[in-house]
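Novice: Here is my input; please provide its structure:
(one chain, ligands or ions: 2)
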Amino acid sequence: MLFPLLTPSAVAAASDVPDTVAVDGLSFSRADVAGAAIAAAERLGGVRVVAVEATPSMATVIAVVGALMAGVVVVPVPPDSGIAERRHVLDDSGAQGWLGPEPAEACGLPHLPVRLYARSWHSHPRPPADHPAMILYTSGTTGAPKGVVSTHGSIAAGLDALAAAWRWTASDVLVHGLPLFHVHGLVLGVLGPLRLGGRLVHTGRPTPEAYARTDGTMYFGVPTVWSRIAADEDSARSLAGARLLVSGSAPLPESVFRRIADLTGHEIVERYGSTETLITLSARVDGERRAGWVGLPLDGVETMLRPDPESGGTGGDDLPHDGETIGELLVRGPMLGVGYHGRPEATAESWLPGGWFATGDAAVIDADGMHRIVGRLSTDLIKTGGFRVGAGEIESCLLDHDAVAEVAVVGVPDDDLGQRIVAAVVTASGYDAGDDLAESLIGHVAEQLSDHKRPRVVRFVDDLPRNAMGKVTKKALLDES
Ligand code: MLC
Ligand code: AMP
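Specialist: Ligands and ions are numbered 1, 2, ... in the order given. Here you go, the predicted model:
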């Protein structure tokens, strides 16, 4: 067994696939990936948790695969993460070192580079299914990001369920350019082809031009990627020969679904997942693809709708599946992660008795079992360009800046990004509102958190709209933005 997540059919296909993984100008066969990964794994003696600077590179792929083979828990770190976010991820996860690409900021931990051309063939004992595989950090409504623990078994279950829904086989060539520190780009987009066979071509960035010049059978994108492709007719047309165009991580506008269908002849396959649940719903390759809907439960997945907990619902209720009644979507299945690392209380709020996970998404289910995500229960979780960002995290970061007396962050609808981050700021006395200060606040968020958490717009206001209890009314702010 070369790789713990590999199926026997993928191993059997190994000799037929010389360029299994192409990324960052390098192309490795399956044997190259396995040999280099085992060599990397051998350098990890005694390490239980390892950070990987998740640049879009072969070194990242080898580091992740090597650590998984050795049963070492992988913590992918966004390469653009700023000082505060990086420290938090390293401290919270208990990472003992870095494996792979050189970290921008090592934060005192030792770095083990992978040797891309070293090869080793020692076999490692296969980690059991319930062994933690990864801790992926994701934002909540407040506070610093939480680390979601996925196991070898949950990842394998999610990928196998996708294989069944999409008939994803060793003949497929997956093309994408998504970041390698999230479920979409890393778990589905790298471990997927390694487990299920076939090839991966990573384009570095998910631009329309890069997708157009790369031949593949399946293309992965977040809605921002698809809307940019829809706006670039030539690039879109060149995807006509694909087998599946797949969108996920955020709502796909119906207009983009239709435009892509006109230009490519393909109705996009929408699928729904999260850091906590990996992948649970999708349109099937041989089933209906309905604009605005995210499909059916994958094999092994069950769903229900509970009344919004704020209105007194309990885990035991299931609202009618009539295509109209809105409730909070609960999901359960073998691909769910096991909880937030070191956060039993937060875990208990979302992982409910009976194996259900409370997604925080408002949804409807119709009589045929099709699901539509209609929004988030909280306005404080923002999706921008497919990235999940907590308003509270940005607010805390901005409040650390001397010029900020009060702040509220909202996600304002945006044709390109889905939502754009807007910060309404009341300045501290002695500071002048203006473009210079706005730039400095945006730069502060990039320096402490990460590039994609930067507000696109800083609006200076005299005071924030508040309700009788003194709580900021974000709805009023959204209406004003
Ligand atoms: C961005 N820019 C700013 C700025 N924000 N400049 C000033 N102020 C700000 N506030 C700059 C950027 O640095 C960039 O500059 C330029 O503006 C364009 O930025 P952009 O509009 O954000 O575009 P881009 O960088 O091209 O990114 C778009 C994108 C990216 C779609 C490629 O958002 C992306 O990779 N999204 C994928 C997210 C993802 O994988 N999510 C999956 C989560 S898993 P320059 O100079 O760099 O051009 C999950 C589970 C599941 O959700 O279901 O899958
Ligand atoms: P993340 O933790 O970054 O993976 O974000 C997960 C969240 O993204 C989900 O809870 C949804 O709110 C959203 N999401 C993922 N896929 C879709 C989709 N296909 N349609 C709408 N929202 C989605």
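
Novice: of all the residues in the stretch 351-481 of the chain, which ones are close to ligand 2?
Specialist: Where the stretch 351-481 of the chain comes near ligand 2, counting by C-beta under 6 Å from any ligand atom, the residues are 359, 361, 373, 376, 383, 388. From N, CA and C alone the C-beta is placed, and that goes for glycine too.

Novice: who are the neighbours in contact with the third one?
Specialist: For I373, the residues meeting the contact criterion (C-beta atoms under 8 Å, 6 or more residues apart in numbering) are 251, 272, 294, 329, 361-363.

Novice: From those, which land in strands?
Specialist: Judged by DSSP state E, the contacts of I373 include 272, 329, 361-363 as members of strands.

Novice: Using the three-state scheme, assign the residue of the chain most remote from its centre.
Specialist: Here the chain reaches farthest from its C-alpha mean at G430, the gap being 40.6 Å by C-alpha atoms, centre = their mean. Secondary structure, DSSP: H, G, I helix; E, B strand; the rest coil: G430 is coil.

Novice: I'd like the distance between it and A403.
Specialist: Taking C-beta to C-beta, to the nearest Å as the criterion, G430 is separated from A403 by 8 Å.

Novice: quick revisit: from the contacts of I373, pick the one nearest G287.
Specialist: V294 (12.3 Å; C-beta to C-beta).

Novice: From what I see, the closest one and H371 are in contact.
Specialist: Yes. V294 is within contact range of H371, at 5.2 Å (criterion: C-beta atoms under 8 Å).

Novice: Need the overlap of contacts for the two.
Specialist: 272, 281.

Novice: How about the residues of the stretch 201-350 of the chain by ligand 1?
Specialist: So far as C-beta under 6 Å from any ligand atom goes, the stretch 201-350 of the chain lies against ligand 1 at 206, 222, 224-225, 248-249, 273-274.

Novice: let's go with 8 Å and repeat that
Specialist: Proximity of the stretch 201-350 of the chain to ligand 1 (C-beta under 8 Å from any ligand atom) is limited to residues 205-207, 221-222, 224-225, 228, 248-250, 271-275, 278-279.

Novice: In which helix or strand does H401 reside?
Specialist: In the assignment (DSSP states H and E), H401 maps to no helix and no strand.

Novice: How much space separates it from R258?
Specialist: 43 Å.

Novice: Comparing the two, which residue is more hemmed in?
Specialist: H401 (18 against 14; other C-beta atoms under 10 Å).

Novice: so what pLDDT did that one get?
Specialist: We have a pLDDT of 96 for H401.

Novice: circling back to that earlier point, greatest separation within the ones in strands among the contacts of I373: which pair is it?
Specialist: Y272 and A362 (12.8 Å).

Novice: Show me which of the two is the more surrounded one.
Specialist: Y272 (27 against 18).

Novice: How many residues are close by the closest residue to ligand 1 within the chain?
Specialist: Closest approach of the chain to ligand 1 (C-beta to the nearest ligand atom) occurs at G385, with a separation of 2.5 Å. Counted with other C-beta under 10 Å, residues neighbouring G385 total 19.

Novice: correct me, but it touches T224?
Specialist: Yes. Here G385 reaches T224: they are 4.7 Å apart, a contact under C-beta under 8 Å.

Novice: Please enumerate the shared neighbours of those two.
Specialist: 416-418.

Novice: thinking again about what came up before, how about TSV for the contacts of I373, with pLDDT added?
Specialist: Converted to TSV, the contacts of I373 look like this (pLDDT from 0 to 100):
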residue	pLDDT
P251	96
Y272	98
V294	98
L329	97
D361	97
A362	96
A363	97
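
Novice: so which of those residues comes closest to T55?
Specialist: Out of those, the member with the shortest distance to T55 (by C-beta to C-beta) is Y272, at 27.5 Å.

Novice: quick one, what contacts that closest one?
Specialist: Contact analysis of Y272 by C-beta under 8 Å, 6+ apart lists 248, 279-282, 294-295, 371, 373.

Novice: Likewise for T203?
Specialist: 175-177, 210-211, 214.
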